[in-house]
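A.B. asks: Build me a structure from this.
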Amino acid sequence: MKLLITIVHERDYSKVSESLLAAGYKFTKISTTGGLLRDGNATLFIGVDEKDVDTVLGLVRDSCKTREQYVNLPPPEVMPAGTFIPNPVKVSVGGAIVFVVDVERFERL
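C.D. replies: So this is what the prediction gives:
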């Protein structure tokens, strides 16, 4: 058995969850926050048989798209010395990060 720890942007969550549920995969969702942009994310814990890992990865891949967004960086007083960026910066957001972890033991109690 494998545990897929899947982090998706909050805008992609509904599409990902609908895809997973329609395909018969159950998961647990935790609301999380990204470190760089402080955007909302959804972290999904998905337990699957090893043979289903690629199928689930495909569903997540098809449901999450990266997009570009302009963000304002923190004010200069909280940035390292010598750093100043007066205009918003374009960054890529979205997509998914997936950690595939071996599960030594699973029990439903």
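A.B. asks: pull the longest helix from the chain.
C.D. replies: Counting residues, the longest helix found in the chain (DSSP state H) is helix 10-22.
A.B. asks: Which SSE is immediately downstream of the helix or strand bottoming out on mean pLDDT in the chain?
C.D. replies: The helix or strand of the chain with the poorest confidence is strand 89-94; it has a mean of 69 (mean pLDDT, DSSP states H and E). Using DSSP states H and E, the helix or strand that directly follows strand 89-94 along the chain is strand 96-102.
A.B. asks: which neighbours does that following strand have in its sheet, and in what orientation?
C.D. replies: In the sheet, strand 96-102 lines up against strand 2-9 (antiparallel) (DSSP bridges).
A.B. asks: what's residue 96 in contact with, if anything?
C.D. replies: 6-8, 12, 16, 60-61, 64 (Cβ atoms under 8 Å, 6 or more residues apart in numbering). Bear in mind the C-beta positions are built from the backbone N, C-alpha and C, glycine included.
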